[in-house]
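**Q** No letters, just coordinates:
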Ligand code: HEM
């Protein structure tokens, strides 16, 4: 999404977790839908706040970009 909330088309080769080309993951659409469903259900049920003043370091030692020490958040159940 752009900063003004518009959809921006990017080449598929920029997103690597599922591979690209003729042998790319056949479960990609299903997996992304499942991840979105999980995320939607978490934010619907809980208020998620990132814990302040924590060290957040990115690592590229694995194929997908990830945080080295995780990302601590607090969850408060929505009423
Ligand atoms: C987060 C979940 C998943 C990730 C990150 C993932 C990632 C990958 C990657 C990196 C490949 C190799 C692509 C390549 O060789 O270029 C692959 C292949 C494949 N994946 Fe997944 N995958 C996921 C879930 C699934 C699911 C749920 C299914 C089936 C329902 C699935 C079915 C396949 C199949 C059949 C291939 C082989 C495709 C081929 O060689 O033609 N994947 N996946």
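**A** On my side now, so go ahead. Not measured: the values here are computed from a predicted model.

**Q** okay, CA-based contacts and neighbour counts for the rest of this
**A** OK.

**Q** Give me every residue in the chain lying close to the ligand.
**A** Residues of the chain lying close to the ligand by CA under 6 Å from any ligand atom are 17, 18, 19, 20, 23, 24, 25, 26, 27, 28, 31.

**Q** A strand includes the first one, no?
**A** Read that as residue 17. No - with DSSP: H, G, I helix; E, B strand; the rest coil as the criterion, residue 17 is located in coil rather than a strand.

**Q** For it, give its distance to residue 31.
**A** 11 Å (CA to CA, to the nearest Å).

**Q** Just the element for the residue positioned nearest the centre of the chain, please.
**A** The centroid of the chain falls nearest to residue 35 when counting by CA atoms, centre = their mean (8.2 Å). Per DSSP states H and E: residue 35 is located in helix 28-45.

**Q** Rounded mean pLDDT for the helix or strand following that helix, please.
**A** The C-terminal neighbour of helix 28-45 among helices and strands, as given by DSSP H and E, is strand 46-50. Confidence over strand 46-50, taken as the mean pLDDT, stands at 96.

**Q** what's the distance between strand 46-50 and the middle of its chain?
**A** Strand 46-50 has its C-alpha centroid displaced from the chain centroid by 15 Å (CA atoms, centre = their mean, to the nearest Å).

**Q** start the count at 38, not 1, going forward
**A** Got it, first residue is 38 now, which makes that one strand 83-87.

**Q** Name the residues that touch the following helix or strand past it?
**A** Next along the chain after strand 83-87, taking DSSP H and E as the criterion, comes strand 95-96. When contacts are taken as CA atoms under 8 Å, 6 or more residues apart in numbering, the neighbours of strand 95-96 outside the stretch itself are 102, 103, 104, 105.
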